[in-house]
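J.: heads up, no residue letters with this:
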């Protein structure tokens with residue numbers, strides 16, 4: 001298997017049953033929905049996907065994602081690095097299996113549909129999008145409009161001076 005997860009599709013129940021582990025780097029340019037929110041698509045995310053079955057026969061995935069994508073600051077519009085350290089524990093729900101009611105109470109895990117064709121890249125992208133802030137900003141920066149009012153002289157000041165000189169003549 002290549003170093004990329006692009007095009008990787010798993011039977012996630014089989015992956016969990018076999019105790020599968022997938023470790024790869026994912027280029028930010030491979031995540032088109034995420035790319036719209038980034039200042040640059042240069043860079044990578046480190047991804048580790050591990051599957052297992054617990055003592056009660058439930059199937060699980062754990063997805064760990066680390067990286068530092070550069071988002072677009074909503075205040076100054078420059079790039080702002082956003083450190084990611086995502087750890088998602090996902091209970092796989094087989095077709096026809098009853099979904100757990102305690103999902104609403106327990107925040108340590110989420111339940112997901114266990115299909116025979118899970119696109120790993122889509123799962124990664126979904127988890128990253130959920131972890132991003134709604135409006136990323138630097139801790140200290142100002143909007144371009146705030147800086148526009150601080151110029152010592154207006155670009156029209158030269159025209160005003162020219163007009164005054166013409167009126168004197």
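T.: Structure's in. What do you need? Note that this is a predicted model, so its numbers are computed, not measured. Numbers count the residues shown, from 1 in each chain.

J.: for this protein, what helix or strand is lowest in average pLDDT?
T.: Taking mean pLDDT, DSSP states H and E as the measure, the chain has helix 144-148 as its least confident helix or strand, at a mean of 57.

J.: Okay, the most centrally placed residue in the chain and residue 111: tell me how far apart.
T.: Most central in the chain under C-alpha atoms, centre = their mean is residue 128, positioned 3.2 Å from the mean C-alpha point. Using C-beta to C-beta, to the nearest Å, we find residue 128 at a distance of 19 Å from residue 111. For glycine as for every other residue, the C-beta is placed from the backbone atoms N, C-alpha and C.

J.: swap in residue 33?
T.: 22 Å.

J.: more crowded one of the two?
T.: residue 111 (16 against 11; other C-beta atoms under 10 Å).

J.: if I read this right, that one contacts residue 94, doesn't it?
T.: No: in this structure, residue 111 is not within contact of residue 94 by C-beta atoms under 8 Å, at 10.9 Å.

J.: Any regions of this protein where pLDDT drops low?
T.: The chain contains residues with pLDDT under 70 at 1-7, 100-107, 142-155, 157-159, 161-162, 165-166, 168-169.

J.: Show me which positions of the helix or strand residue 121 falls within end up buried.
T.: In this assignment (DSSP states H and E), residue 121 forms part of helix 120-131. Within helix 120-131, the residues that count as buried by 16 or more other C-beta atoms under 10 Å are 120-121, 123-128.

J.: cool, stretch 15-22 as well?
T.: 15-16, 20, 22.

J.: Dump these to JSON lines, plus distance to residue 44.
T.: Formatted as JSON lines, the buried residues of stretch 15-22 follow (distance: C-beta to C-beta, whole Å):
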{"residue": "15", "distance to residue 44": "23"}
{"residue": "16", "distance to residue 44": "26"}
{"residue": "20", "distance to residue 44": "22"}
{"residue": "22", "distance to residue 44": "15"}
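
J.: Just those residues: which are in strands?
T.: residue 22 (DSSP state E).

J.: from the buried residues of stretch 15-22, which two are the most distant?
T.: Greatest spacing in the buried residues of stretch 15-22, by C-beta to C-beta: 16 and 22 (11.8 Å).

J.: so what's the residue lying closest to residue 117 once chain neighbours are set aside up against?
T.: In space, and not counting its chain neighbours, residue 117 is closest to residue 9: 5.1 Å by C-beta to C-beta, 6 or more residues apart in numbering. Going by C-beta atoms under 8 Å, 6 or more residues apart in numbering, residue 9 touches 117-120.
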